[in-house]
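Student: using only what follows, build the 3D model:
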Amino acid sequence: MVRAVLDTNVIVAALRSSSGASHQILLAADRGEFELALSVPLLAEYEDVTARPDSGIPLPREAIDSILGRLAMVAHKQPIFYLWRPLVPDPKDDMVLEVAVASGATHLVTFNLKDLNRASDFGISVVRPSQFIQLLP
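Tutor: Numbers count the residues shown, from 1 in each chain. Have a look, this model is predicted:
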């Protein structure tokens, strides 16, 4: 089965609009069409970024919390025992890469291909949401 880690920018895009590939990815995760890998620090990052007033997310906080809670329920919970830092320019991106490596993810889904391209050193495909959704059944 495909196992993927979603960068925070994909979560934000999914919550901003229900018409894009990012939103379709959240629905696919809920349906079990791929295995979402998630760590506690990455979930905390999702919560922090989506709570920012400038996030552009039109949903009430309760709805966002409910969606993130559902993702946490369906996700493969990945503990992190080894930190691969620093590998990429942004420390927050290191956290995403660590979940991908530790979980044996096949894909890292992001809009930030340039900064997360080091995932390919670990055999992880770095793809945009529009590319990833085409891989799913």
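
Student: any chance you could map the helices in the chain?
Tutor: With DSSP state H as the criterion, the chain has helices at 8-16, 21-31, 40-50, 61-74, 91-103, 129-135.

Student: in CSV: those, plus mean neighbour count.
Tutor: Quick note: C-beta positions are derived from backbone N, CA and C, even for glycine. Formatted as CSV, the helices of the chain follow (neighbours: other C-beta atoms under 10 Å):
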stretch, mean neighbour count
helix 8-16, 22
helix 21-31, 19
helix 40-50, 17
helix 61-74, 14
helix 91-103, 21
helix 129-135, 17
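
Student: next, the angle from the least confident helix or strand in the chain by mean pLDDT to helix 40-50.
Tutor: Here the helix or strand of the chain ranked lowest by mean pLDDT, DSSP states H and E is helix 91-103, holding a mean of 88. If you take axes from the mean of the first three to the mean of the last three C-alpha atoms, to 10 degrees, helix 91-103 sits at 140 degrees to helix 40-50.

Student: list the helices and strands helix 91-103 packs on?
Tutor: Contacts defined by 3 or more C-beta pairs under 8 Å, 6 or more residues apart in numbering; DSSP states H and E place helix 91-103 against strand 3-6, strand 35-38, helix 40-50, strand 107-109.
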